[in-house]
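Asker: pasting a predicted model and its sequence here:
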Amino acid sequence: MNRNRLVGLGAISATSLLWGTTGTAATFAPGAGPLAIGAAALGIGGLLQALIALPALRAALPALRANLPAVLLGAVAVGIYPLAFYSSMHYAGVAVGSVVSLASAPLASGVLERLIDRHPLSRWWMLAAGLGVLGSALLCLSKMQGPAGDAAGTVIGTGLGLVAGGTYATYSWVVHRLMTRRISRAASMGAVFGGGGLLLMPVLLITGAPLIATTEAFLVATYMALVPMFLGYLLFGFGLTRISASTATTVTLTEPAIAAILAVVVVGERLAAAGWIGLGIIGGALLILAFAPTNAAARQADQHREGSRQPSLGPST
């Protein structure tokens with residue numbers, strides 16, 4: 001397998017590992033609401049992304065201006081994502097919220113690439129995405145069989161999870177699109193996440209008081225901003241230079257698996273047999289992504305096979 005692709009998959013997998021800790025970490029600051037946690041985590045993390053990218057942002061300013069609609073779209077998606085994501089976990093529970101959010105992301109990403117970029121997705125990607133969604137659904141089902149909140153909360157959390165998945169896929173696609181237009185990784189990430197961080201600052205100012213009310217809550221907010229968000233998105237941007245946005249969002253289906261395992265080990269939640277089966281299916285999806293041909297390679301192979309089946313329309317050479 002292409003070494004560059006393997007490195008990209010490794011970076012995105014490490015990102016998923018870090019992101020998978022956020023739901024459990026949030027339980028250590030029960031006095032802080034989901035809007036405060038989301039705004040602090042990605043708001044501060046996004047501004048730090050822009051800060052370290054200042055030289056790249058200056059160099060890429062003309063190109064960023066030429067792609068301003070895409071940058072604004074990505075920034076808005078970054079601003080909405082953490083609010084929807086943490087609210088989803090607040091209403092439907094950590095495991096269910098993260099499962100719905102991340103399971104819907106690869107589907108939304110595939111739709112974006114298919115409808116806007118006109119890139120047909122390979123059968124391997126569709127198989128991996130389908131297995132990932134199935135595994136995530138089993139995880140979700142296993143959590144819903146246990147003690148859970150009221151049905152209305154589950155429905156609201158599920159809806160917010162779909163919003164989170166759509167916005168996550170959107171900003172992933174925007175960052176990847178900017179990089180394909182020869183804007184550096186640092187500038188692409190800095191512009192999109194810096195813009196999203198600015199949009200989240202008013203939310204943080206309005207809701208963030210509980211995050212500094214206790215030392216524990218402050219440490220949770222600091223961890224979320226610096227480790228899963230800042231470091232995680234550095235790795236995420238690095239990975240996007242080597243694999244497509246649709247593949248990246250499919251790899252991050254490991255996040256709900258990690259979140260579920262941490263919920264069992266750290267928080268004390270219980271996972272039914274269906275949940276463990278779901279974890280195994282997600283692992284199979286990752287193996288397919290790691291060893292199957294890339295979308296481009298698969299498309300070329302399909303085209304070659306289709307061409308070989310067509311009758312010759314002219315003399316051979």
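Answerer: On my side now, so go ahead. Residues are numbered from 1 along each chain as shown.
Asker: per-residue pLDDT, residue 295?
Answerer: Per-residue pLDDT puts residue 295 at 48.
Asker: please apply the same query to residue 253.
Answerer: pLDDT, residue 253: 72.
Asker: got the contact list for it?
Answerer: Each residue near residue 253 by C-beta atoms under 8 Å, 6 or more residues apart in numbering is listed here: 16, 102-103, 106, 132-133, 135-136, 282, 285-286. Any C-beta I mention is one placed from the backbone N, CA and C, and that applies to glycine too.
Asker: with adjacent residues omitted, what lies nearest to it?
Answerer: Here the nearest residue to residue 253 in space, its sequence neighbours aside, is residue 132; by C-beta to C-beta, 6 or more residues apart in numbering that works out to 3.9 Å.
Asker: circling back: need the contacts of residue 253 in JSON lines (columns: pLDDT, neighbour count and distance to residue 94).
Answerer: Below are these laid out as JSON lines (pLDDT from 0 to 100; neighbours: other C-beta atoms under 10 Å; distance: C-beta to C-beta, whole Å):
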{"residue": "16", "pLDDT": "88", "neighbour count": "24", "distance to residue 94": "15"}
{"residue": "102", "pLDDT": "75", "neighbour count": "29", "distance to residue 94": "12"}
{"residue": "103", "pLDDT": "71", "neighbour count": "25", "distance to residue 94": "14"}
{"residue": "106", "pLDDT": "73", "neighbour count": "32", "distance to residue 94": "20"}
{"residue": "132", "pLDDT": "76", "neighbour count": "32", "distance to residue 94": "19"}
{"residue": "133", "pLDDT": "80", "neighbour count": "21", "distance to residue 94": "19"}
{"residue": "135", "pLDDT": "79", "neighbour count": "28", "distance to residue 94": "17"}
{"residue": "136", "pLDDT": "74", "neighbour count": "31", "distance to residue 94": "14"}
{"residue": "282", "pLDDT": "78", "neighbour count": "26", "distance to residue 94": "17"}
{"residue": "285", "pLDDT": "77", "neighbour count": "24", "distance to residue 94": "21"}
{"residue": "286", "pLDDT": "69", "neighbour count": "21", "distance to residue 94": "21"}
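Asker: in helices only, show me these.
Answerer: Secondary structure from DSSP state H places 16, 102-103, 106, 132-133, 135-136, 282, 285-286 of those in helices.
Asker: for residue 88, state which of these is nearest.
Answerer: residue 102 (10.5 Å; C-beta to C-beta).
Asker: any idea how far the closest one is from residue 85?
Answerer: Per C-beta to C-beta, to the nearest Å, residue 102 is found 9 Å from residue 85.
Asker: find residues that contact each of these two.
Answerer: When contacts are counted by C-beta under 8 Å, 6+ apart, residue 102 and residue 85 are jointly contacted by residue 168.
Asker: quick one: low-confidence parts of the stretch 151-300 of the chain?
Answerer: 151, 269, 271, 286, 289-300 (pLDDT under 70).
Asker: can you give me the helices for it?
Answerer: For the stretch 151-300 of the chain, applying DSSP state H, counting those that start in this stretch gives helices covering 151-180, 185-207, 215-224, 232-240, 245-251, 254-262, 273-291, 295-309.
Asker: between those, which one is closest to residue 95.
Answerer: Closest approach to residue 95 among the helices of the stretch 151-300 of the chain (C-beta to C-beta): helix 254-262, 4.8 Å.
Asker: just the angle between that closest one and helix 273-291, please?
Answerer: Helix 254-262 runs at 140 degrees relative to helix 273-291, counting by axes from the mean of the first three to the mean of the last three C-alpha atoms, to 10 degrees.
Asker: kindly export helix 254-262 (C-alpha atoms) in CSV.
Answerer: Presented in CSV, the C-alpha positions along helix 254-262 are these (Å, rounded to 0.1, in the frame of the first residue of the first chain):
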residue,chain,number,x,y,z
THR,A,254,-13.3,5.0,15.2
GLU,A,255,-14.2,7.9,17.5
PRO,A,256,-17.6,6.6,18.7
ALA,A,257,-15.9,3.2,19.3
ILE,A,258,-13.2,4.9,21.4
ALA,A,259,-15.9,7.0,23.2
ALA,A,260,-17.9,3.9,23.9
ILE,A,261,-14.9,2.0,25.3
LEU,A,262,-14.0,4.9,27.6
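Asker: contacting residues around residue 160?
Answerer: For residue 160, the contact set (C-beta under 8 Å, 6+ apart) comprises 84-85, 87-88, 91-92, 97.
Asker: can you pull the buried residues of stretch 219-236?
Answerer: Buried residues in stretch 219-236, counted by 16 or more other C-beta atoms under 10 Å: 220-221, 223-225, 227-236.
Asker: sorry, wrong one. I was asking about stretch 254-274.
Answerer: Buried, per 16+ other C-beta under 10 Å, within stretch 254-274: 254-263, 269, 271-272, 274.
Asker: nice, that's everything, thank you.
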